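[1] what follows is a protein structure lacking sequence information:
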């Protein structure tokens, strides 16, 4: 039994280290990879003891073979379970790499400045609404992390007072996380559920758009009322040295980049190929166009800055490694049977699927929402169409999966370390943890509960 209990202990220690990243100065990607590697190592070392706990439905055929003596337990874990989970994880990782590269290309070609340069207002409340709505809708097309980086960078040009930027940045985090929750591509957790088959692109947009909108609208209205001051003169002095891409190419790259991202759910719906294939195809098309453009217009464009090969060097690979470590960690716990026990405990102790998701959402403000959603995916199977009773909550686009996407996406806004968007804002603006908790956390909590109440009410009706 010792190996079975050691695994969750290592998991908890790993997450505590990740949560305290800003204090211990150990990058969360490094901690996640060590945690994932150790858990699989323990799984292999203690395979004889852990065999009795392995209950994953994904491994039925492998478990059956081992019981019949056709293969050994170690082979089931290393060649069956690990290979199967690694394939699912790879699909998510390649999707993220493709999306992050496309966004980086558009940003390097100054495509986003077409949007940000249009903002000229000096009214604080009006600017707050503009920034929040941009963050909400852009994050649905791109992702909440990238949206937060773009919006916070914009705020540094628009607002000179630090407290104002912190308030605006906090609202950007709320809006970006909410916008990402209703989109199949707006948040890593929603991507995981979409790729896993628990939700569909059309279903999640239809089911979560209004609750996500409410979770942004409620704190936005409150902050508009209590926000100090009336106006702030934008600081729009541009560095002329940054003007290295003609307007025509900015527009073309922005359109191509957005088209590549938006076409992903369309390709999945029509071809049933994994979203990662659509994302990689879009990246390939954009890459070919940029190379041809640089070749034809070499005298006007800086190849050293605009080559996709060079741009790839700027992609945040550490973030990808973090997700890899997290997903490997959760997969190990799933194979060992811990998630089955957790699912049974939640079902027997809590029971109500809405309450379970609400708990997961609150937990996502303390630890990263990626492992929580991965745990939820591992705890329950997708029910067949036409299922009745309690099982009906787990059909594709069922209440449990949709509400899980909402809670995990918006709940992370309650604390600044609860989401990638919050961590990004914290790093860019130096927002203190307790300042965010005092000024923004309660607003995010009210928005989270307001959107959740609406979803539950609609479900009851």
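    Nice, thanks for sending it over. Model, not experiment: these values are computed from the prediction.
[2] contacts and neighbour counts: CA atoms only from here.
    Noted.
[3] low pLDDT regions in the stretch 201-350 of the chain?
    228-244, 297-304, 340, 343, 347 (pLDDT under 70).
[4] in the stretch 351-461 of the chain, which spans are strands?
    Applying DSSP state E, counting those that start in this stretch to the stretch 351-461 of the chain gives no strands.
[5] ok, which stretches of the stretch 151-300 of the chain are helices?
    162-181, 188-196, 201-226, 247-271, 275-296 (DSSP state H, counting those that start in this stretch).
[6] could you list the buried residues of the last one?
    By neighbour count, and taking 16 or more other Cα atoms under 10 Å as the criterion, the buried residues in helix 275-296 are 275-283, 286-287, 290-291, 294.
[7] just the fourth one next, same as before
    Along helix 247-271, the positions that meet the burial threshold by neighbour count (16+ other Cα under 10 Å) are 249-251, 253-254, 256-258, 260-265, 267-268.
[8] circling back to that earlier point, relative to residue 318, which of the helices of the stretch 151-300 of the chain is closest?
    Between residue 318 and those, the tightest spacing by Cα to Cα is seen for helix 188-196, at 14.9 Å.
[9] residues in contact with the closest one: which ones?
    92, 143, 180-185, 199-201, 274-275, 369-370, 373-374, 377, 401, 405, 408-409 (Cα atoms under 8 Å, 6 or more residues apart in numbering).
[10] now do stretch 5-19
    In contact with stretch 5-19 (Cα under 8 Å, 6+ apart) are residues 24, 26-28, 31-32, 35, 39, 42, 329, 333, 338, 366-367, 417.
[11] quick one: buried ones out of these?
    Counted by 16+ other Cα under 10 Å, the contacts of stretch 5-19 give 27-28, 31-32, 35, 39, 42, 329, 333, 338, 366-367, 417 as buried.
[12] can you redo these as TSV, where the extra columns are distance to residue 381 and secondary structure?
    Below are the buried ones among the contacts of stretch 5-19 laid out as TSV (distance: Cα to Cα, whole Å; DSSP: H, G, I helix; E, B strand; the rest coil):
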residue	distance to residue 381	secondary structure
27	33	coil
28	30	helix
31	29	helix
32	26	helix
35	26	helix
39	23	helix
42	26	helix
329	19	helix
333	16	helix
338	15	helix
366	26	coil
367	24	coil
417	30	helix
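[13] for the residue nearest the centre of the chain, give its distance to residue 323.
    Most central in the chain under Cα atoms, centre = their mean is residue 188, positioned 2.6 Å from the mean C-alpha point. Distance of residue 188 to residue 323, given as Cα to Cα, to the nearest Å: 9 Å.
[14] residue 206 now?
    Where residue 323 is concerned, residue 206 sits at a distance of 28 Å (Cα to Cα).
[15] got it, and residue 145?
    On the measure of Cα to Cα, residue 145 and residue 323 end up 13 Å apart.
[16] just residue 191 next, same as before
    12 Å.
[17] then residue 183?
    19 Å.
[18] pick out whichever of the two has more residues nearby.
    Neighbour count, other Cα atoms under 10 Å: between residue 183 and residue 323, residue 183 has more, with 30 against 23.
[19] give the contact list for that one.
    Taking Cα under 8 Å, 6+ apart as the test, what residue 183 contacts is 140, 141, 190, 201, 204, 205.
[20] and the nearest residue in space to the fourth one that is not next to it in sequence, what pLDDT?
    Once flanking residues are discounted, residue 201 sits nearest to residue 184: 5.3 Å by Cα to Cα, 6 or more residues apart in numbering. If you check residue 184, the pLDDT there is 81.
[21] and residue 184, how far from residue 114?
    Distance from residue 184 to residue 114, by Cα to Cα: 25 Å.
[22] who has more neighbours, those two?
    Using other Cα under 10 Å as the criterion, residue 184 and residue 114 rank with residue 184 on top: 28 against 13.
[23] next one: phi and psi at that one?
    Here is the backbone geometry of residue 184 (degrees, to the nearest 10): phi -70, psi -10.
[24] and for residue 123?
    Per degrees, to the nearest 10, the backbone of residue 123 is at phi -90, psi 120.
[25] for residue 253, see how far away the closest residue to residue 256 other than its chain neighbours is.
    Leaving aside its sequence neighbours, residue 256 sits nearest to residue 286 (Cα to Cα, 6+ apart; 6.6 Å). Residue 286 sits at a distance of 8 Å from residue 253 (criterion: Cα to Cα).
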